[in-house]
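Asker: the following comprises the amino acid sequence and a computationally predicted model.
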Amino acid sequence: MTDSRTLPIGMLLVGIVCSGCGSDRPPLYPAGGLVTFNNEPVSGASVMFYPTQGRASFARTGDDGRFSLMTYLPNDGVAAGPYRVSVTKVVARQPPTEENPYPHAVMMLPPEYANVATA
């Protein structure tokens, strides 16, 4: 048997939880680009945009080196403003095993690409 108070209380909780959803978020704008190294697209790279204030944005490059940034949800874009950018691509030399779940990894791009002071 269902208590008749369950539905209104549940709806009230959803209302309270969602009442602030998105209200303090700045407007976002579509943003993306292309990562290349030695004139070749870089697939599987992590691209981070760090604002001077606010939330960072992230993307992973596709097979063609292209990316679309996300701040809260996939491809939702970034807030307007200045950013520092880092690009990294790390590849494990061998797949993880039970004996070695964290195998040695290799940076596939120059280290200065990962450093927001020099990227």
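Answerer: Structure received. Numbering: from 1, shown residues only.
Asker: so where's the chain shaky on pLDDT?
Answerer: 1-23, 119 (pLDDT under 70).
Asker: quick one, strands of it?
Answerer: 32-34, 36-37, 40-41, 46-51, 57-60, 66-68, 83-88, 90-92, 105-107 (DSSP state E).
Asker: the fourth one vs strand 83-88, what angle?
Answerer: Going by axes from the mean of the first three to the mean of the last three C-alpha atoms, to 10 degrees, strand 46-51 is angled at 160 degrees with respect to strand 83-88.
Asker: run me through the strand neighbours of strand 46-51, direction for each.
Answerer: Strands that pair with strand 46-51, judged by DSSP bridges, come out as strand 57-60 (antiparallel), strand 83-88 (antiparallel).
Asker: now do the first one
Answerer: For strand 32-34, sheet partners with direction are given as strand 66-68 (antiparallel), following DSSP bridges.
Asker: and the strands of the chain: which comes nearest P74?
Answerer: Nearest of the strands of the chain to P74, taken as C-beta to C-beta: strand 66-68 at 7.9 Å. C-beta coordinates here come from the backbone N, C-alpha and C atoms, glycine included.
Asker: how about the closest one: buried residues?
Answerer: 67-68 (16 or more other C-beta atoms under 10 Å).
Asker: need the residues that contact it.
Answerer: The contact list for strand 66-68 (C-beta atoms under 8 Å, 6 or more residues apart in numbering) reads 30-35, 41, 45, 47, 59-61, 74-75, 77.
Asker: which single one of the residues you listed is nearest to P101?
Answerer: For the contacts of strand 66-68, the closest approach to P101 (C-beta to C-beta) belongs to R60, at 22.0 Å.
Asker: so the residue lying closest to that closest one once chain neighbours are set aside bridges to which residues?
Answerer: In space, and not counting its chain neighbours, R60 is closest to S46: 5.9 Å by C-beta to C-beta, 6 or more residues apart in numbering. Using DSSP bridges, the bridge partners assigned to S46 are R60, T88.
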